[in-house]
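Asker: all I have is the shape, not the residue letters:
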């Protein structure tokens, strides 16, 4: 994403003195002179997606993987607090400001795009509506992420672009955020979106339905989730990527038939993706190592095509996640990793395999194990494995375990695992025995389930007197 466009969009909400000479600074873009053309909208859209890059560069891993049984912190180079349930209000990842930056840019679009439409009536109304749908989709995703990570969150539906607006807001209950903002935003996006638009780098209609499915599962609305899954399949554009090209899901998402929404990255304009330093770069030690559970599975199951394509089994330190890097071998057949500041990592935000397995989970929760088995086997056999039988998964518990295990290996390092455990109420069951081994004196989740949520960063708390810290954090 071009950084110039990011800079253009980042100043949209800035206001200057109403009278300061007659000549305006050449480096400042004022709202009054910006929102006039479709190019202005495109610049603001680019700024919104640039903000998503900033959210994902490290947060993608922190929230979905760092606290799970997929990884553990490399004690020489990282912070052991992530995998020992020891988060603090100053730990990296506790600052939700990047999400609110994106929300602010989406709000700018929602306010000003209709004004451009009025000034430029020649713009195709379908195009205008699609721009609006993108903003609604991205805003909904940001608030869904806030709810899953921190719980209650302040709600902003308008830009903060006037000194007359109170800059301080208290936190809105998480369920209210979902019901009164996230779901309505997505329904509005669905009504505005153009079904013909299906670029994987854009928040298109496929994403709208995927998010509605994901939110429904989070709320345990299984019938609703099935309805949204049917909407996704009804688009007729997604199917599982063939086994032979599975790796493309992470390295060339726009060339696949499975990816729904991915975040674009180009290190020459965006800098290196921060996740590379967390999971494996060429010029620095990884801050996280692959867990023994995952390593042992991948290293002993060569028939699973995901094994050798997900982790670097040649690296004895167990600290190189290969998944996001295209094959690039030296003369000895070893993978060459890019330097941390030159790493291109495309973030697969949603793909069809995710939807299939969520649909299987919904079916299992509605006692429809036959459907769950069929859906589970679609992903399982795509990985080169023998199909499960009904005899092997005779009840809802074994079926649930099989689905979650499939999700763990299919979406390894894709920011899914911890949320899967939270959604199914399994964080204490899965993580507490591991935490006890990792650090015997660490506090287990079962002792205080409130620690499943993250603390608010101390800087965020100090900046807004109406905020309260998540308990039991200080």
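Answerer: On my side now, so go ahead. This is a predicted model, so every value here is computed, not measured.
Asker: what about the strands in the stretch 301-450 of the chain?
Answerer: For the stretch 301-450 of the chain, the strands defined by DSSP state E, counting those that start in this stretch cover 347-351.
Asker: and this protein, what are its domains?
Answerer: The chain breaks down into these domains under automatic domain parsing: 1-17+27-59+81-194+447-474, 270-339.
Asker: would CSV of the ones you listed with mean neighbour count and distance to residue 263 be doable?
Answerer: C-beta: built from backbone N, CA, C; applies to glycine. CSV is the format used below for the domains of the chain (neighbours: other Cβ atoms under 10 Å; distance: least, Cβ to Cβ, whole Å):
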stretch, mean neighbour count, distance to residue 263
domain 1-17+27-59+81-194+447-474, 18, 5
domain 270-339, 18, 9
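Asker: would you convert these into TSV that also reports distance to residue 408 and mean pLDDT?
Answerer: Shown next, in TSV, are these (distance: least, Cβ to Cβ, whole Å; pLDDT from 0 to 100):
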stretch	distance to residue 408	mean pLDDT
domain 1-17+27-59+81-194+447-474	16	90
domain 270-339	8	95
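Asker: let's have those domains in CSV, adding distance to residue 347.
Answerer: Formatted as CSV, these follow (distance: least, Cβ to Cβ, whole Å):
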stretch, distance to residue 347
domain 1-17+27-59+81-194+447-474, 5
domain 270-339, 8
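Asker: relative to residue 414, which of the ones you listed is closest?
Answerer: Residue 414 sits nearest to domain 270-339 of all the domains of the chain, at 7.9 Å, using Cβ to Cβ.
Asker: so which residues of the stretch 301-450 of the chain form helices?
Answerer: Using DSSP state H, counting those that start in this stretch, the helices of the stretch 301-450 of the chain run over 307-310, 352-365, 369-382, 396-410, 417-423, 427-438.
Asker: so which of the ones you listed is the most packed in?
Answerer: helix 352-365 (a mean of 24; mean count of other Cβ atoms under 10 Å).
Asker: how far off centre is that helix?
Answerer: When distances are taken as Cα atoms, centre = their mean, to the nearest Å, helix 352-365 is centred 18 Å away from the chain's centroid.
Asker: check which helices and strands it sits against.
Answerer: Packing partners of helix 352-365 (3 or more Cβ pairs under 8 Å, 6 or more residues apart in numbering; DSSP states H and E): helix 205-218, helix 222-234, strand 259-263, helix 369-382, helix 396-410.
Asker: 10 Å - rerun?
Answerer: Counting by 3 or more Cβ pairs under 10 Å, 6 or more residues apart in numbering; DSSP states H and E, the packing neighbours recorded for helix 352-365 are helix 205-218, helix 222-234, strand 259-263, helix 369-382, helix 396-410, helix 417-423.
Asker: so how far is residue 149 from the residue lying closest to residue 156 once chain neighbours are set aside?
Answerer: Spatial nearest neighbour of residue 156, chain neighbours left out: residue 103 (5.8 Å); criterion: Cβ to Cβ, 6 or more residues apart in numbering. Per Cβ to Cβ, to the nearest Å, residue 103 is found 14 Å from residue 149.
Asker: straight-line length of stretch 342-350, end to end?
Answerer: 24 Å (Cα to Cα, to the nearest Å).
Asker: buried residues in that stretch, which are they?
Answerer: Judged by neighbour count (16 or more other Cβ atoms under 10 Å), stretch 342-350 contains these buried residues: 342, 343, 344, 345, 346, 347, 348, 349, 350.
Asker: how about those in TSV, adding pLDDT?
Answerer: Below are these laid out as TSV (pLDDT from 0 to 100):
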residue	pLDDT
342	95
343	94
344	94
345	95
346	96
347	96
348	96
349	98
350	98
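Asker: contacts only, for residue 185.
Answerer: The neighbourhood of residue 185, defined by Cβ atoms under 10 Å, 6 or more residues apart in numbering, consists of 106, 110, 133, 135-144, 157, 208, 211.
Asker: what do you get for residue 298?
Answerer: By Cβ under 10 Å, 6+ apart, the residues touching residue 298 are 290, 304, 306, 307, 308, 309, 310, 311, 312, 313, 409, 412.
Asker: is it true that residue 213 touches residue 227?
Answerer: Yes. With contact defined as Cβ atoms under 10 Å, residue 213 counts as touching residue 227 (8.6 Å).
Asker: who's more crowded, these two?
Answerer: Between residue 213 and residue 227, counted using other Cβ atoms under 10 Å, the more crowded position is residue 213 (26 against 15).
Asker: burial measure for the nearest residue to the more buried one once chain neighbours are set aside, as a count.
Answerer: Setting aside the residues directly before and after it, residue 213 is nearest to residue 228 in space (Cβ to Cβ, 6+ apart), at 3.9 Å. The number of residues packed near residue 228 is 25, by other Cβ under 10 Å.
Asker: quick one, what contacts residue 228?
Answerer: Contacts of residue 228 (Cβ under 10 Å, 6+ apart): 186, 190, 208-217, 221, 355, 358-359, 362.
Asker: mind checking how far it is from residue 217?
Answerer: Following Cβ to Cβ, the distance that separates residue 228 from residue 217 is 9 Å.
Asker: cool, and residue 109?
Answerer: Applying Cβ to Cβ, the value for residue 109 to residue 217 is 28 Å.
Asker: and if you look at residue 270?
Answerer: 31 Å.
Asker: ok, residue 117 next?
Answerer: Applying Cβ to Cβ, the value for residue 117 to residue 217 is 35 Å.
Asker: can you check residue 127 too?
Answerer: In terms of Cβ to Cβ, residue 127 sits 32 Å off from residue 217.
Asker: got it, and residue 204?
Answerer: Plainly put, residue 204 is 20 Å away from residue 217 if you go by Cβ to Cβ.
Asker: more neighbours: those two, which one.
Answerer: Counted by other Cβ under 10 Å, residue 204 and residue 217 do not tie: residue 204 has more neighbours, with 26 against 23.
Asker: was I right about that one contacting residue 198?
Answerer: Yes. Between residue 204 and residue 198 there is a contact at 5.5 Å, judged by Cβ under 10 Å.
Asker: which residues do the two both contact?
Answerer: Taking Cβ under 10 Å, 6+ apart as the contact rule, residue 204 and residue 198 both touch 235, 237, 260.
Asker: what's the most distant pair in the buried residues of stretch 342-350?
Answerer: It's 342 and 350 that sit farthest apart of these, by Cβ to Cβ, at 26.8 Å.
Asker: and residue 160, what does it touch?
Answerer: So residue 160 contacts 13, 100, 104, 107, 108, 166, 167, 169 (Cβ under 10 Å, 6+ apart).
Asker: again, but for residue 294
Answerer: Applying Cβ under 10 Å, 6+ apart to residue 294 gives the contacts 68-71, 307, 310-311, 318, 321, 408-409, 412-413, 417.
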